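J.: Got a predicted model here, sequence first, then my questions.
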Amino acid sequence: MARPGGQRVLLLRRLLSQLSQSAQWDTLRASKIAASYSTAVTSGKVEVNGIHLHYQQTGDGNHAVLLLPGMLGSGQTDFGPQLKSMNKQLFTVVAWDPRGYGKSIPPVREFPPNFFEIDAKDAVDLMQTLKFQKFSLLGWSDGGITALIVAAKYPHLINKIVVWGANASVTEEDVKLYNAIRDVSKWSERARKPMEELYGYEYFSKTCEAWVDGISQFMHITNGSICQHLLPHIKCPTLIIHGEKDPLVPRFHPEYLHKRIRGSQLHFMPEGKHNLHLRFAEEFNRMVERFLL
């Protein structure tokens, strides 16, 4: 017959064993639940408007979000922290390479007077091809301009938009800033290296020069307006983010967007520069997720 103290030890051991098994089961169950949500980033190409557009996709959430890159940008170069860290259970995140950018080459990138409208239609048709009926937009720089056009022209498709580093017009001050980055050999190595790896120096250099001419043309053909006339047509919830140390987009641009887009929110990041979503990725992602929800 076991002593009372021995019985207590035996019971304690059984309890600890049961707790251990329970903890292992909870861990396994949690890992299975997490595994049921896609954390991998998949990629592919689909034909849209006669062009084979490249995209990346991650997450299994009900809320679809399209990431729109900036000048010369791609999902790979512009949105690594968002593809990696945005909530995969709440969102399905898609990043695309506009025609002539990233892996959506051919064709060679061109900048006719309506190149933003072309990107807007491509973006919408890409998401429709991927079977997303409604979605939100996160647009950086040129991608922010495209997002504004999409929200204004296709309001029935858009839930919410977030834009940063974007402008609805081009001023003489802007043209001076653009020409300052025309020569890519003068870019910092940190900014230049990913682009050279993606495109090779020649395509990168020529396309940057073409972009400067393409964006500057609005000064002459529309008296500076890119999409100013469309801003009052944006009805969806809109968040405008601006880095107060942005060297490429002066503060008056986000302030103008805020005034012209009814009900929009404007948030300033004191230490943010043009690439604030990369430099302050965690803060940016959480802010955006709260807004989208």
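T.: Thanks, I have it. Numbering: from 1, shown residues only.
J.: Contacts for stretch 242-260, please.
T.: By C-beta atoms under 8 Å, 6 or more residues apart in numbering, the residues outside stretch 242-260 that reach it are 141, 148, 163-169, 173-174, 177, 181, 228, 231-232, 240-241, 264-274, 276. All C-beta spots, glycine's among them, are computed from the backbone N, C-alpha and C.
J.: Next: stretch 192-203.
T.: 72, 74, 76-77, 102, 108, 184-185, 204, 207.
J.: Any buried residues in that stretch, and which?
T.: 192, 194-196, 198-199, 203 (16 or more other C-beta atoms under 10 Å).
J.: Then stretch 113-121?
T.: Using 16+ other C-beta under 10 Å as the test for burial, stretch 113-121 gives 115-121.
J.: and of those residues, the nearest to Ile51?
T.: Ile118 (9.7 Å; C-beta to C-beta).
J.: name the helices or strands packed onto the one helix or strand that closest one maps to?
T.: Using DSSP states H and E, Ile118 sits in helix 115-129. Helices and strands touching helix 115-129, as assessed by 3 or more C-beta pairs under 8 Å, 6 or more residues apart in numbering; DSSP states H and E, comprise strand 42-48, strand 51-58, strand 63-68, strand 91-97, helix 142-153.
J.: Give me whichever of the ones you listed is most buried.
T.: helix 142-153 (a mean of 26; mean count of other C-beta atoms under 10 Å).
J.: relative to helix 142-153, how tilted is the helix holding Ile118?
T.: 70 degrees (axes from the mean of the first three to the mean of the last three C-alpha atoms, to 10 degrees).
J.: Other residues contacting helix 115-129?
T.: Contacts for helix 115-129 (C-beta under 8 Å, 6+ apart): 46-49, 51, 53, 55, 64, 66, 68, 94, 96, 98-99, 112, 135, 137, 142, 145-146, 149-150, 153-154, 157, 214, 226-227.
J.: Distance check, the residue nearest to the spatial centre of the chain against Pro106.
T.: Central residue of the chain (C-alpha atoms, centre = their mean): Leu67, 3.1 Å from the mean position. Using C-beta to C-beta, to the nearest Å, Leu67 is found at 22 Å from Pro106.
J.: So which of the buried residues of stretch 113-121 is the closest to Phe218?
T.: Nearest to Phe218 out of the buried residues of stretch 113-121 is Phe116 (C-beta to C-beta; 9.5 Å).
J.: Distance from the chain centre to stretch 65-73, please.
T.: When distances are taken as C-alpha atoms, centre = their mean, to the nearest Å, stretch 65-73 is centred 6 Å away from the chain's centroid.
J.: Endpoint to endpoint, that stretch covers what distance?
T.: 17 Å (C-alpha to C-alpha, to the nearest Å).
J.: what do you get for stretch 242-260?
T.: 16 Å.
J.: Name the residues of it that come out as buried.
T.: Applying 16+ other C-beta under 10 Å to stretch 242-260 flags 242-243, 246, 248-249, 253-254, 256-258, 260 as buried.
J.: and what of stretch 210-224?
T.: Residues 211-212, 214-219, 224 are the ones in stretch 210-224 that count as buried (16+ other C-beta under 10 Å).
J.: Rebuild the residues you listed as JSON lines, extending it with pLDDT and distance to Gln128.
T.: Listed next are the buried residues of stretch 210-224 as JSON lines, based on pLDDT from 0 to 100; distance: C-beta to C-beta, whole Å:
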{"residue": "Trp211", "pLDDT": "98", "distance to Gln128": "27"}
{"residue": "Val212", "pLDDT": "98", "distance to Gln128": "32"}
{"residue": "Gly214", "pLDDT": "97", "distance to Gln128": "26"}
{"residue": "Ile215", "pLDDT": "97", "distance to Gln128": "28"}
{"residue": "Ser216", "pLDDT": "97", "distance to Gln128": "32"}
{"residue": "Gln217", "pLDDT": "97", "distance to Gln128": "30"}
{"residue": "Phe218", "pLDDT": "97", "distance to Gln128": "28"}
{"residue": "Met219", "pLDDT": "94", "distance to Gln128": "34"}
{"residue": "Gly224", "pLDDT": "96", "distance to Gln128": "32"}
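J.: So which of these are in helices?
T.: Per DSSP state H, helices hold the following members of the buried residues of stretch 210-224: 211-212, 214-216, 218-219.
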